[in-house]
Each structure stands twice: as C-alpha cells, then as structure tokens.
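Enquirer: below are the sequence and a predicted model; questions follow.
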Amino acid sequence: MKRQRYAAPAREAVDPAVFAKPPLADWSEYDALLRGPHWPAIDALNALRHDTTMPRFAAQDHALLADGLHYEQRIAECGLIATRERNWHDLLNALVWLRHPTLKAALNRRQVQEIARMGPRQRSRPQYAMTHFDEAGVLVRLADPALLALWDAHDWHGLFWRERAAWVDGRIAVTVFGHALLEHALTPGKLLVGKALVCGSGVDVAWDSLAAATAARIARGQLLTDPLELRPLPLSGIPGWHRENGAEAFHHATPCYQPLRPGRRYPPPW
C-alpha cells in the first residue's frame, strides 16, 4: 500500500494548543512566526540571522531554480537556502537553520561531498542517513546508561512507563532537530517517531554544546555514515508529548511502538 503523504493544516486551521506542548513548545522564541496571523516574509527570516556567515533564505521561484543547481549545492556555492513561501515545511526548516546553523552547515558540507562523489541522481547510504536526520532527527542526552538496554530491546513499556520518571528528572532528555517532525506536530494527537543520535552525557550539558559536538562529528564523517546508526524513538511516549500517554494501556498497544526487527542492533552512544 502506498503511504499517503502528510499534508500540514492550513495556517488558519492550526489548533493553537499544539504550540503549548512539545515539541513545538520548545520553539517558543519563534512564536511570532509560528502563531501570527500572517506568514512571515523571507526578509523577516533573514533579519533573524545572528551569524552573517550563515546562508541566506531565498524565495524558491523559477528565477532561483533557473541556475539548475541541486538544493544542497546552491547552499554551498551561492549561500542561498531555497525556501517556499507560505509553506510550513520550509518555514520550520528555516527555524532549525536559525537555531542550529553549525549543525545544518555540517550536514550541507557532507551532502555536497557525497553529491560530488555519487552525482546528483544517485544517493549513497551516508546521504540517506543525513536526510533522515535532517527531516526527522532528534538529539538524545543520556545520563543513565541503564536505560539503554530497554531501548535496545524495544521495551517501550519499560522505557516510557516503568522508567517514566527518567524523562522528568533528566536521566534521559531529547530535543527535536528534524523539521518534518516539527511539521507533523502541527496535527494534534499525531504519533511522532524520531530518528535519534544518542550522546552519553551528564544532565548539565547544554543543548547548544551537544549540537556543536554533534556537528563536529558529522563534519568529520564520524556520524551519519549509514541510516542504521539512527535509533527509532517514539516521541509520543514521552510524558507530556501525547494526550493519552498518561495511561499505561497506551504503552502496550500504540502503533508507534514497533517491535525490534530480527538481527537489528544499534551503535552505542557516542
């Protein structure tokens, strides 16, 4: 059966309640762009760039696309991020660029290297890994290694119910990087599953530091060389992320909780 492509709600139809819960609640510094009655202009996005070396957003129109460049090549060679106006997916991509320019730039450099190696019509396993992370990626800060055995076994009831307190006291924490995940969160109650990179670190490590360290490893080719590096993480199981996960039954029979495939193994946290 062909999977139906997700269609984000119209701007005026978005339930404001989605902006008060994770993951969109974590992007409240951009409330004016997300909740305002009008779509932000491209110039308004560019005005928020704190780093002048960061690529600029450019309206994706026929004139821009006439250069014939691949999306990633245009960023690297011209410093322009093709951005569709009045489009949730591209607006949220822009917000991720604004928050994590170093991490996005590291992905872009690696993508361009792979395009030079493979050509624009074929994709390598590193490209698939980087695209999965760019669209649906999450960073996980793991302070309690004992939780890893539950995750390795896809013991979702154990990870999200028996160890529910771990998600509250900081023994495990997550931040969303993938803009497609943020887009899907515009639909109330939608079950979200992220593609996770896991860092073993203390609870006091700031997300900015973790993102910078992740970017450095991606740039060096130490992360995202294969899609199998990415761990599935059903975000809807985290306390406060789904309206029904306060009941134990949710953690026994929810479609986002998939069993471990035979032979599937995950790399350890870096």
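Expert: Yes, it's here. Keep in mind that what you see is a predicted model, and the values were worked out from it rather than measured. Numbering: from 1, shown residues only.
Enquirer: show me what counts as buried in stretch 46-57.
Expert: Residues N46, L48, R49, M54, P55, R56, F57 are the ones in stretch 46-57 that count as buried (16 or more other Cβ atoms under 10 Å). For every residue, glycine as well, the C-beta is placed using N, CA and C.
Enquirer: quick one: the residues you listed as JSON lines, columns for pLDDT and secondary structure too.
Expert: Shown next, in JSON lines, are those (pLDDT from 0 to 100; DSSP: H, G, I helix; E, B strand; the rest coil):
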{"residue": "N46", "pLDDT": "98", "secondary structure": "helix"}
{"residue": "L48", "pLDDT": "97", "secondary structure": "coil"}
{"residue": "R49", "pLDDT": "96", "secondary structure": "coil"}
{"residue": "M54", "pLDDT": "96", "secondary structure": "coil"}
{"residue": "P55", "pLDDT": "98", "secondary structure": "coil"}
{"residue": "R56", "pLDDT": "98", "secondary structure": "strand"}
{"residue": "F57", "pLDDT": "98", "secondary structure": "strand"}
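Enquirer: rebuild those as TSV, extending it with distance to A7.
Expert: As requested, the buried residues of stretch 46-57 are exported to TSV (distance: Cβ to Cβ, whole Å):
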residue	distance to A7
N46	28
L48	27
R49	30
M54	30
P55	28
R56	28
F57	23
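Enquirer: widest-spaced pair of these?
Expert: L48 and P55 (13.2 Å; Cβ to Cβ).
Enquirer: can you classify the spatially closest residue to E72 that is not a sequence neighbour as helix, strand or coil?
Expert: Nearest residue to E72 in three dimensions, chain neighbours excluded: Q111, at 4.3 Å (Cβ to Cβ, 6 or more residues apart in numbering). Following DSSP: H, G, I helix; E, B strand; the rest coil, we place Q111 in the helix state.
Enquirer: please begin residue numbering at 52 from this point
Expert: Fine by me, first position is 52 from now on; the one you just mentioned is Q162.
Enquirer: my read: Q162 touches S175, true?
Expert: No: shown here, Q162 and S175 do not form a contact pair, counting by Cβ atoms under 8 Å, at 9.9 Å.
Enquirer: higher neighbour count, these two?
Expert: Just comparing Q162 and S175: by other Cβ atoms under 10 Å the higher neighbour count belongs to Q162, 23 against 16.
Enquirer: list the contacts of the more buried one.
Expert: Contacts here follow Cβ atoms under 8 Å, 6 or more residues apart in numbering; on that basis Q162 touches E123, Q178, M181.
Enquirer: return the subset of the residues you listed lying in helices.
Expert: Taking DSSP state H as the definition of helices, the contacts of Q162 contribute E123, Q178, M181.
Enquirer: for the chain, just list every one of the strands.
Expert: Ranges of strands within the chain are 107-110, 131-134, 188-193, 223-227, 244-251, 282-285, based on DSSP state E.
Enquirer: what's in contact with the third one?
Expert: Residues from elsewhere that reach strand 188-193 (Cβ under 8 Å, 6+ apart): 199, 222-229, 232, 245-252, 254, 256, 258, 261-262, 265, 281-282, 284, 286, 320.
Enquirer: spatially central residue in this structure, please.
Expert: G229 (1.6 Å; Cα atoms, centre = their mean).
Enquirer: how close does that one get to H183?
Expert: Counting by Cβ to Cβ, to the nearest Å, the gap from G229 to H183 is 8 Å.
Enquirer: try L286
Expert: 15 Å.
Enquirer: ok, the two, which is more surrounded?
Expert: Per other Cβ under 10 Å, whichever of L286 and H183 has more neighbours is L286, with 24 against 18.
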